Each structure stands twice: as structure tokens, then as C-alpha cells.
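Visitor: Everything below, folded, please.
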Amino acid sequence: MEDASIDSTGDAQELAAVAVSLRHHLQRRGRAGARFVAREVSPKKHGVAPGDVQSLLSGVENDLFAEVNSAYQSRSLEELRSAIGDCQRCKLCAGRTHIVFGVGNPSAKLMFIGEGPGRDEDLQGEPFVGRAGQLLTDIITKGMGLKREDVYIANVVKCRPPENRNPEPDEVAACEPFLKKQIELIRPEIIVGLGKFAVQTLLQSKVPITKLRGQWHSYHGIKLMPTFHPAYLLRNPGDKKLVWEDIKKVIEARRGAGA
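Guide: Residues are numbered from 1 along each chain as shown. Okay, the predicted model is just below:
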């Protein structure tokens, strides 16, 4: 999916959308009427430390997962996908062909997270398979010397927004717990955030991507490198050199970790 423009939307419009999302959240909580205690998760050898598990899922275990406890309790990506089912949790479900869950190594040390599916992704049910996806594949294979199946690729929202518009706050809120659970199950050492929406969602920040890219950040103890979305590079090929600078930092970090 093509990344959003770098400039943020109007505060008033965003505030209204957040209010809608909050109202839906309260309605869900009222219908669910249940609370759940976080289970202990056995750590992998890499990625999030045991003490970070609770903070990674903090604020969601009693929210969307209160309705779908099987998603919160999932012990594998397969179980999580099954728990999501034929998702009807936001309005994006009305126009989708396929839920685009994610693809790759379930124990990947490197994870790429984008915004959401585009037309090709919606038709095939796999993230980053269109023109932007080919560019991402080139970054992974030609630039980093890896295979697509060595890494894990996912998006913030799992269904295509109509006409590739920007995801709206209530749509991001509905899908974000599933992304957090994916990260918790995979436990990568490094996340590459692709574009404004992915990075701002992960960092809970409104800082422009132009100021965030190229600098290491932390996502619950996981190293996070923001960079431009491949779709942005298709429109602005001159900035490919900036993305390559960001990717070289990821390569160095992987070497330093013995990956």
C-alpha cells in the first residue's frame, strides 16, 4: 500500500476519529464484561526480554482481547490467525478480499512492518507483493543478502483501506493488538518500520518520519529502525540513498549481534 503523505492530518479531524474509536472501545468493553490476567510467556533466545512481555501487551489484554481471549492466549502465529478468523472488528472488513496477516519466519530475528495491504496484497493475501513489495524484496535479498523467508513481514492493519487511503485511527486501534501479539510471538531482535503510519503507531508518536528515520529507537526493548516506505521510494527515487543508509545500520547491528 502506498504510504501516507509525510504531513499529518488536521488535529480536529483526528480528534473526532479518536472519539469514535473510544466510543467503540467502550461499547466493546461493555459487551464483553470480562477481564483476563496476562499469562507468562517463555522467552526465546533473542528479542524481547521476559520482563518486557507484560509491557508489550499492556493496555490490550482487557481491551480487544477481552472479546477474543483466544487471540490473547495464542501460543503460535497459526493460533493467532485462527483466532482472528473472518474479522469484522472494523469497517475495513466490508471491502476486503483477503485478510493479509503476515508472512515469513515465525522465529525471525528481523521483522519489517508496513502500513497496510494494497490492491495486489488484498488479492493475494500476502504483504508486499506489488511494485512496492518488489522493492522491499530487493532490499532484503540484494541489499541485505537474505531471503524473504528469513524475515517476517507484516502490516499495522490487516485489511486494505478503500482506494489505498490512509488507515483511520479506529481501524489502527482495532488491529494494533494483533500486531503486538505477532511481535510478542516472533520476538525479533530488530524491527524495520516502513513509513509514517507504521513508525508512528509503534512509537506512539506524531513526529514526522523525516525526523525519525535513520535513528535507532526502542520498541519494548526491541531495536527499531524507522525508514521510508517502499511506495514512497517509487514516487521519490532520489531518497533511495537515504533508505540504504538506514538499512546499512540494520546490517551492522545484525553483524554486531552475530545474526
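Visitor: residue contacts, residue 77?
Guide: With contacts defined as Cβ atoms under 8 Å, 6 or more residues apart in numbering, the neighbours of residue 77 are 101-102, 106, 182, 185-186. C-beta here means a position set from N, CA and C on the backbone, and glycine is covered the same way.
Visitor: Phi, psi for residue 126 please.
Guide: phi -140, psi 140 (degrees, to the nearest 10).
Visitor: ok, back up a step: the contacts of residue 77, buried ones only, as a ChimeraX selection?
Guide: Selection of buried members from the contacts of residue 77 for ChimeraX, criterion 16 or more other Cβ atoms under 10 Å:
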select :101,102,182,185,186
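Visitor: Mind checking which of the contacts of residue 77 land in helices?
Guide: By the criterion of DSSP state H, membership of the contacts of residue 77 in helices covers 182, 185-186.
Visitor: Serialize these to CSV and add fields for distance to residue 250 and pLDDT.
Guide: Listed next are these as CSV, based on distance: Cβ to Cβ, whole Å; pLDDT from 0 to 100:
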residue, distance to residue 250, pLDDT
182, 19, 97
185, 21, 97
186, 16, 97
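Visitor: and which of the residues you listed is nearest residue 193?
Guide: Nearest to residue 193 among these is residue 182, at 13.9 Å by Cβ to Cβ.
Visitor: With residue 160 as the reference, measure out to the closest one.
Guide: 18 Å (Cβ to Cβ, to the nearest Å).
Visitor: and what of residue 167?
Guide: To residue 160, residue 167 is 10 Å away according to Cβ to Cβ.
Visitor: Now for the two: what residues contact both?
Guide: Here residue 167 and residue 160 have 92, 116 as joint contacts, going by Cβ under 8 Å, 6+ apart.
Visitor: Dump the contacts of residue 77 to CSV, plus distance to residue 120.
Guide: Listed next are the contacts of residue 77 as CSV, based on distance: Cβ to Cβ, whole Å:
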residue, distance to residue 120
101, 16
102, 16
106, 23
182, 21
185, 26
186, 24
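Visitor: got the residue ranges for the strands in the stretch 151-259 of the chain?
Guide: Using DSSP state E, counting those that start in this stretch, the strands of the stretch 151-259 of the chain run over 152-155, 190-194, 217-219, 222-227.
Visitor: who touches the longest one?
Guide: Strand 222-227 is touched from outside by 47-48, 183, 187-194, 199, 202-203, 209, 212-218, 242-243, 246-247, 249-250, 253, with contacts defined as Cβ under 8 Å, 6+ apart.
Visitor: Just the angle for that strand relative to strand 190-194, thanks.
Guide: Interaxial angle, strand 222-227 versus strand 190-194 (axes from the mean of the first three to the mean of the last three Cα atoms, to 10 degrees): 30 degrees.
Visitor: what is the rounded mean pLDDT of strand 222-227?
Guide: For strand 222-227, mean pLDDT rounds to 98.
Visitor: For it, what is the distance to the chain centroid?
Guide: On the basis of Cα atoms, centre = their mean, to the nearest Å, strand 222-227 sits 12 Å off its chain's mean C-alpha point.
Visitor: Just the pLDDT for the residue nearest in space to the middle of the chain.
Guide: Centroid-nearest residue in the chain: residue 156, 3.5 Å away (criterion: Cα atoms, centre = their mean). pLDDT, the model's per-residue confidence, is 97 for residue 156.
Visitor: What of residue 172?
Guide: You'll see residue 172 listed with a pLDDT of 94.
Visitor: Then the one 4 residues further on?
Guide: As summarised for this prediction, residue 176 has a pLDDT of 91.
Visitor: who's in contact with residue 143?
Guide: Counting by Cβ under 8 Å, 6+ apart, residue 143 has contacts 244, 247.
Visitor: So which bits of stretch 119-132 are buried?
Guide: Buried residues in stretch 119-132, defined by neighbour count with 16+ other Cβ under 10 Å: 120-122, 126-130, 132.
Visitor: Redo those as JSON lines? Include pLDDT.
Guide: Listed next are these as JSON lines, based on pLDDT from 0 to 100:
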{"residue": "120", "pLDDT": "96"}
{"residue": "121", "pLDDT": "97"}
{"residue": "122", "pLDDT": "97"}
{"residue": "126", "pLDDT": "97"}
{"residue": "127", "pLDDT": "97"}
{"residue": "128", "pLDDT": "97"}
{"residue": "129", "pLDDT": "96"}
{"residue": "130", "pLDDT": "94"}
{"residue": "132", "pLDDT": "96"}
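Visitor: This completes my enquiry, with thanks.
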